[in-house]
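Enquirer: Take a look and give me a structure for this.
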Amino acid sequence: MTTPATVPTGTITTVAGTGAAGFDGGGGPAVKAELNGPRIALGRSGNLCVSETNNHRVRKAGTGGVGRHTPVQIPAEITGDSQDEPALRPAQESVPEAKPGDSVSFNVEIRSLNNQPVTPGTPAQRCTAPTGFAFTGGASYGYYPAVTGNLRTQLEDGGRTVIMSSDPHVNMGATARTALIHTIGIRALPDAAPGSRPADGSAAIGRPAPVPLSAHVL
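Expert: Predicted coordinates for the structure are as follows:
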């Protein structure tokens with residue numbers, strides 16, 4: 001008679017991924033990231049590295065207490081390790097026009113050099129408003145018409161600066177083709193000069209030099 005095998009007891013803890021295949025969650029909690037074809041490895045410093053076969057990238061889930069027989073706890077954020085944001089080409093697609101005190105939105109279009117696939121992880125995305133304007137804090141993204149969603153934002157300098165958190169990947173699959181559109185809320189300040197057309201705003205993604213942003217006070 002064969003002796004039954006003894007299976008060690010323990011706890012299975014999810015440390016990264018939702019279980020649904022996808023491409024989302026950069027900059028957020030690791031357990032809320034959507035991964036696609038993940039393979040994992042643990043670095044000497046305790047970083048959990050996730051290689052995604054179908055997303056063609058490597059992501060890192062910070063550091064945590066990793067014990068041999070204890071649950072893994074990684075209170076970290078998923079971040080991308082790619083360094084290719086210089087291949088992204090942001091440009092102002094529409095110019096906001098508003099009367100003093102009114103709010104509108106405008107678009108920034110993001111493409112890549114030679115339409116190459118780009119997945120930069122979560123580089124800092126910073127916009128500075130033209131003189132006489134301030135950001136409202138609302139922002140969304142879209143790979144039209146297939147995928148849209150809201151961006152996490154942080155306002156600084158009384159709304160003169162907005163910092164957006166996302167993974168601005170382009171040309172990475174059927175729903176992320178060619179161009180990414182960021183729609184950003186902005187308002188004309190009450191004391192904005194009617195008829196003025198300030199062009200001293202800027203938009204930057206990561207390390208490359210910013211591109212200019214302009215606006216029109218009606």
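Enquirer: C-alpha from now on. contacts and neighbour counts both.
Expert: OK.
Enquirer: got a list of contacts for stretch 196-211?
Expert: For stretch 196-211, contacts defined as Cα atoms under 8 Å, 6 or more residues apart in numbering pick out 85-86, 88, 90-91, 123-132, 212-218.
Enquirer: Over to stretch 147-154?
Expert: With Cα under 8 Å, 6+ apart, stretch 147-154 has contacts from 137-142, 162-166, 175-176.
Enquirer: Going along the chain, name the helices of this structure.
Expert: Assigned by DSSP state H, the chain shows no helices.
Enquirer: so where is it shaky, pLDDT-wise?
Expert: Across the chain, the ranges flagged by pLDDT under 70 are 1-13, 22-29, 42-47, 53-83.
Enquirer: middle-most residue in it, spatially?
Expert: By Cα atoms, centre = their mean, the chain has its centre lying nearest to Ser166, at 0.8 Å.
Enquirer: Report how many residues lie close to the residue nearest to that residue when sequence neighbours are not counted.
Expert: Computed as Cα to Cα, 6 or more residues apart in numbering, the closest residue to Ser166 that is not its neighbour in sequence is Thr122, at 5.6 Å. Per other Cα atoms under 10 Å, the neighbour tally for Thr122 reads 25.
Enquirer: follow-up on the earlier one: I'd guessed the residue nearest to the centre of the chain sits against Thr119; true?
Expert: No - counting by Cα atoms under 8 Å, Ser166 stays clear of Thr119, with 10.8 Å between them.
Enquirer: Return the residues in contact with the closest residue to Ser105 other than its chain neighbours.
Expert: Leaving out its chain neighbours, the residue that sits closest to Ser105 by Cα to Cα, 6+ apart is Gly185, at 4.3 Å. Neighbouring residues of Gly185 by Cα under 8 Å, 6+ apart: 103-106, 135-139.
Enquirer: what number of residues lie near Pro194?
Expert: Counted with other Cα under 10 Å, Pro194 comes out at 14.
Enquirer: Ok, Gly158 next?
Expert: By the criterion of other Cα under 10 Å, Gly158 has 10 neighbours.
Enquirer: check contacts around the nearest residue to it once chain neighbours are set aside.
Expert: Nearest non-adjacent residue to Gly158, counting by Cα to Cα, 6+ apart: Ala134, 7.5 Å away. Contact analysis of Ala134 by Cα under 8 Å, 6+ apart lists 158-161, 186-189.
Enquirer: And the buried ones among those, selectable in ChimeraX?
Expert: A single ChimeraX command selects the buried members of the contacts of Ala134 (16 or more other Cα atoms under 10 Å):
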select :159,160,161,186,187,188,189
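Enquirer: Could you single out the nearest of the contacts of Ala134 to Lys32?
Expert: Among these, Thr161 lies closest to Lys32 (Cα to Cα), at 27.6 Å.
Enquirer: And His182, how far from Gly149?
Expert: 10 Å (Cα to Cα, to the nearest Å).
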